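**Q** Sequence first, then the predicted structure:
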There are 2 protein chains.
Amino acid sequence: MSAPIPAEALQLRSLVRADQMLELFLDLVPVPEPGPDEVVIRVEAAPLNPSDMGLLFGGADMTAAVASGSAERPVVTAPIPDAAMRGLAGRVGTPMPVGNEGAGTVVAAGGSAAARALLGKVVAAAGGGMYSQYRSVNVALCLELPAGVTAIEGAASFVNPMTVLGMVETMRMENHSALVHTAAASNLGQMLNRFCIEQQIPLVNIVRKPDQEAMLRAAGAVHVCNSTSPGFMAELTGALKATGATLAFDAIGGGKLAGQILTAMEVAINKTAKVYSRYGSNVHKQVYVYGGLDTGPIELNRAFGMAWGVGGWLLFPFLMKIGPVEGKRLRERVVDELKTTFASHYTKVVSLQEALDPANIAIYGKRSTGEKFLINPNKAG
Amino acid sequence: MSAPIPAEALQLRSLVRADQMLELFLDLVPVPEPGPDEVVIRVEAAPLNPSDMGLLFGGADMTAAVASGSAERPVVTAPIPDAAMRGLAGRVGTPMPVGNEGAGTVVAAGGSAAARALLGKVVAAAGGGMYSQYRSVNVALCLELPAGVTAIEGAASFVNPMTVLGMVETMRMENHSALVHTAAASNLGQMLNRFCIEQQIPLVNIVRKPDQEAMLRAAGAVHVCNSTSPGFMAELTGALKATGATLAFDAIGGGKLAGQILTAMEVAINKTAKVYSRYGSNVHKQVYVYGGLDTGPIELNRAFGMAWGVGGWLLFPFLMKIGPVEGKRLRERVVDELKTTFASHYTKVVSLQEALDPANIAIYGKRSTGEKFLINPNKAG
């Protein structure tokens, strides 16, 4: 309501070209008119989540990225390997808006009472395409932030916090009593660690580096296993026996880790078994793969009996399954603890133009834990 | 009650020795006294099912088997590879009885009315240890065969028929409408093909040889794909599009086939998709691994989105899940069609001694489709 709304504004787009090149650019698009149930958000904060990277980069080799364009409208191009290109046929030639979530000020609203009620408010929104200066979003996807919570504090209130709650709800719904988490030093992993400590849920954290192990232990984690340690399988088995965890959420995907977790679970279970069973234990062991930090194939050696499952897990299908009432309850829970359990921390705030700087891409594109970037689309380039 | 019951009788045993050798032998064991709810069966027919091979051979290299012992009490030894040995720690030094199912005449019964009612009857039993001349089995695991059904006809009335029914029930319980089956030319596969034709359930059969394809087509199968054909992926995708199958039962386990099936399912689903979704379709695609013809690792390339699952499937946990009432309904259905849909066919009937002849092991141990052996433990050696 304060600053005038422009007719056109910038939006980050990711284009897979038929010549097997990725092109990232800033498009000047009309600021949308809100529909009756929509609000127009002036986006002030949108995190670069690991879950945004697939759509943003399309599997392109960003180490070979080349910058062009102007300072105001930079362009980045990068080659897409054959293997990645096969899965992208559906998006060739269509520039995709990017950004799962973000927050900002509602500057225009449609005619419905729900929409008008948000006018002038700071809201978080899981609307997609949030790497935009202005974005029209259905009110059902908006969450009004309480007084005193800034757009930066609310920007990442959806994907990571709801994933943490989704993992714990899944654990309960499927009758497990403890969790295993890989890539556990991630922003999401630290959040899960805080929430599990708060809820007294036993959690086995799997990391890849000694400093990640130290960081999680300093944050109160009891069980932290380093998958690069020579004693990893024995340490993991010990932690699984201590916690009784039979459910894992795996952000890595490729390689042998999912199978190693199932194997260690089976060994831990059989430490209390009395008789030989040729089919292994009858305790169901489950790994849900929710990320793809390693895009190589999953390799399962099947040394874990017959009571096992591996499958994909995504937040949105989970929310569809539990329905809107339960989903709203979870979101309210997040808002209540947005400055504590569900807080996100950023190492750098960038403009849309800076987000396309290859030097920045080299940092946030690595998805290395410890580095987390936030885009402010209305920050001067 | 005609022939006298001996005090001792032969039982086939499989022993994993600490020196990493498998030893198969015939033990002379006391014929058991039945408990109140038990009957003693004079076993006349017990199939050598693929599901018996794991316990029988313990992963030993049977091509290196050596025969010894006497004509009446032959012994076979074979070396166990390191990889197989790791999973066998629980059974080292304990000679295991073998044989999931079989049929024969009840020659003694415990005191309960249910047990006494079976005296003199021909029963099928899923009692385990059925490669024995006499076996005491709880009446709950026995099924009285109707007049006119022989022990040979009823010997395999449990594992394969109930697995077929379990697959179809699982399909219904998990909201799929068609099936994929691998190693589809097996005895079980032929049975599933007959049952699906009868029930008008679309079935995609995957085989490895042209003659298996011809055999299933001659038996009325509409969709048969040969995984060794250069056009396999395209043919499979076509069959999946035609049937809408999103559930597969896989007897093979190791290798890339499970992943290929999920990939082809995803491509078939996306042939009707209107918009690009970075996470793939939201249709859940499932592969249940119920066998291990290939004991190597499962390799999943994950070119099939996020809505997928791979897991173990076994008949007994399935029966536990559906409960005894539903289980009884399924067994009665099998008996009704034991001479038609659920009939098994054998290429050779062997004695216990002949079952330990390396020349016979070389045939039935291959698990090649088309060869199915039956043991008659009371046949003269």
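**A** That came in fine, so what should we check first? Numbering: from 1, shown residues only, chains lettered A, B, ... in the order given.
**Q** How about the stretch 51-200 of chain A: which residue is closest to chain B?
**A** Here the residue of the stretch 51-200 of chain A nearest chain B is residue A:90; by CB to the nearest CB that distance is 3.5 Å. Backbone N, C-alpha and C define where each C-beta goes, glycine included.
**Q** Could you count how many residues lie near that residue?
**A** 15 (other CB atoms under 10 Å in any protein chain shown).
**Q** That one - that's part of a helix, no?
**A** Yes - according to DSSP: H, G, I helix; E, B strand; the rest coil, residue A:90 belongs to a helix.
**Q** surely it meets residue B:267?
**A** No - using CB atoms under 8 Å, residue A:90 makes no contact with residue B:267, being 11.3 Å away.
**Q** quick one: residue A:258 is in a strand?
**A** No - Residue A:258 is assigned helix when assessed by three-state DSSP, not a strand.
**Q** So, low pLDDT: which residues of chain A?
**A** A:1-3, A:274-276, A:367-370, A:381 (pLDDT under 70).
**Q** all helices for it, in order.
**A** Taking DSSP state H, the helices of chain A run over residues A:50-57, A:82-86, A:113-116, A:151-154, A:159-173, A:187-199, A:210-218, A:232-243, A:257-270, A:315-336, A:352-355, A:358-364.
**Q** Give me the contact list for the fourth one.
**A** Residues lying outside helix A:151-154 but in contact with it, judged by CB atoms under 8 Å, 6 or more residues apart in numbering or on different chains, are A:44-45, A:102-105, A:122-124, A:143, A:145, A:338-339, A:343, A:346, A:349, A:374.
**Q** which ones among these are found in strands?
**A** Using DSSP state E, the subset of those located in strands is A:44, A:45, A:102, A:103, A:104, A:105, A:122, A:123, A:124, A:143, A:349, A:374.
**Q** and the residues you listed as a markdown table, adding neighbour count?
**A** Formatted as a markdown table, the ones in strands among the contacts of helix A:151-154 follow (neighbours: other CB atoms under 10 Å in any protein chain shown):
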| residue | neighbour count |
| --- | --- |
| A:44 | 22 |
| A:45 | 26 |
| A:102 | 33 |
| A:103 | 28 |
| A:104 | 28 |
| A:105 | 21 |
| A:122 | 22 |
| A:123 | 23 |
| A:124 | 29 |
| A:143 | 23 |
| A:349 | 13 |
| A:374 | 24 |
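**Q** which one of those residues sits closest to residue B:165?
**A** Of all the ones in strands among the contacts of helix A:151-154, residue B:165 sits closest to residue A:143, with 48.5 Å by CB to CB.
**Q** Find the nearest non-adjacent residue to that closest one, please.
**A** Closest residue to residue A:143 apart from its sequence neighbours, by CB to CB, 6 or more residues apart in numbering or on different chains: residue A:124 at 4.6 Å.
**Q** I figured the one you found hits residue A:142, correct?
**A** Yes - counting by CB under 8 Å, residue A:124 does reach residue A:142; the two are 7.1 Å apart.
**Q** quick one: contacts for residue A:69?
**A** With CB under 8 Å, 6+ apart, residue A:69 has these contacts: A:25, A:75.
**Q** Compute the number of surrounding residues for the closest residue to residue A:244 other than its chain neighbours.
**A** Nearest residue to residue A:244, sequence neighbours excluded (CB to CB, 6+ apart): residue A:178, at 5.3 Å. Close neighbours of residue A:178, defined as other CB under 10 Å, add up to 19.
**Q** now residue A:40
**A** Count around residue A:40 with other CB under 10 Å applied: 23.
**Q** From chain B, how far out is it?
**A** To chain B, residue A:40 is 23 Å away according to CB to the nearest CB, to the nearest Å.
**Q** Who does that residue form a beta bridge with?
**A** residue A:108, residue A:136 (DSSP bridges).
**Q** from what I can see it touches residue A:134, true?
**A** Yes - look at residue A:40 against residue A:134 with CB under 8 Å: they come within range, at 5.7 Å.
**Q** what residues are shared contacts of those two?
**A** Common contacts of residue A:40 and residue A:134 (CB under 8 Å, 6+ apart): A:5, A:31, A:32, A:107.
**Q** ok, the third one touching residue A:40?
**A** When you say that, I think you mean residue A:32. Yes - between residue A:32 and residue A:40 there is a contact under CB under 8 Å: 6.4 Å.
**Q** residues bridging contact with those two, i.e. touching both?
**A** Counting by CB under 8 Å, 6+ apart, the residues touching both residue A:32 and residue A:40 are A:134, A:135, A:136.
**Q** among those residues, who's most crowded?
**A** Ranking the shared contacts of residue A:32 and residue A:40 using other CB under 10 Å puts residue A:135 first, with 27 neighbours.
**Q** so who does that residue touch?
**A** A:32, A:40, A:41, A:43, A:102, A:104, A:125, A:127, A:129.
**Q** Just give the nearest non-adjacent residue to the fourth one, would you?
**A** What sits nearest to residue A:43 in space, not counting adjacent residues and going by CB to CB, 6+ apart, is residue A:104, at 4.2 Å.
**Q** That neighbour against residue A:118, yeah?
**A** No - the pair residue A:104 / residue A:118 is not scored as a contact, 11.3 Å apart, by CB under 8 Å.
**Q** Near chain B, which residues of the stretch 201-350 of chain A are found?
**A** A:253-254, A:259, A:270, A:273, A:275-279, A:282, A:289-290, A:292, A:295, A:297-303, A:305-314, A:317 (CB under 8 Å from any CB of the partner chain).
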